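In: Output the structure for:
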Amino acid sequence: MISEGMTNFLSNAAREARTTLPDRDSSLFLSGVLDSFTLVDLITLIETEYDLTLKDADLRPENFDTIAKIESFISSRVAK
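Out: Numbers count the residues shown, from 1 in each chain. Sure thing, here's the model as predicted:
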């Protein structure tokens with residue numbers, strides 16, 4: 001499960017994009033919640049919230065396309 005800070009960030013991004021936050025398996029990019037600019041902010045938040053340093057190879061949109069993929073990505077990095 002993603003943190004409250006992440007949920008708030010995504011909810012705010014959806015509100016700013018004038019859309020609704022999609023379900024956990026629907027694309028955040030196709031719904032308009034995330035774009036290249038908000039993705040950078042999301043990465044920064046993930047690094048801060050979970051005390052991670054992401055590598056360049058991690059910074060692929062498909063790792064962050066859905067809430068479920070974000071959860072999986074974070075779980076794989078926190079577990080290491």
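In: pretty sure residue 14 is touching residue 20, no?
Out: Yes: shown here, residue 14 and residue 20 form a contact pair, counting by C-beta atoms under 8 Å, at 5.9 Å. Backbone N, C-alpha and C define where each C-beta goes, glycine included.
In: pLDDT weak spots in this protein?
Out: Applying pLDDT under 70 to the chain flags residues 79-80.
In: Helices of this structure, residue ranges please.
Out: 4-16, 36-49, 67-78 (DSSP state H).
In: between these, which gets nearest to residue 61?
Out: For residue 61, the closest of the helices of the chain is helix 36-49, at 6.7 Å, according to C-beta to C-beta.
In: quick one: buried residues of the closest one?
Out: Within helix 36-49, the residues that qualify as buried by neighbour count (16 or more other C-beta atoms under 10 Å) are 38-39, 42-43, 45-46.
In: Just want the angle from that helix to helix 4-16.
Out: 160 degrees (axes from the mean of the first three to the mean of the last three C-alpha atoms, to 10 degrees).
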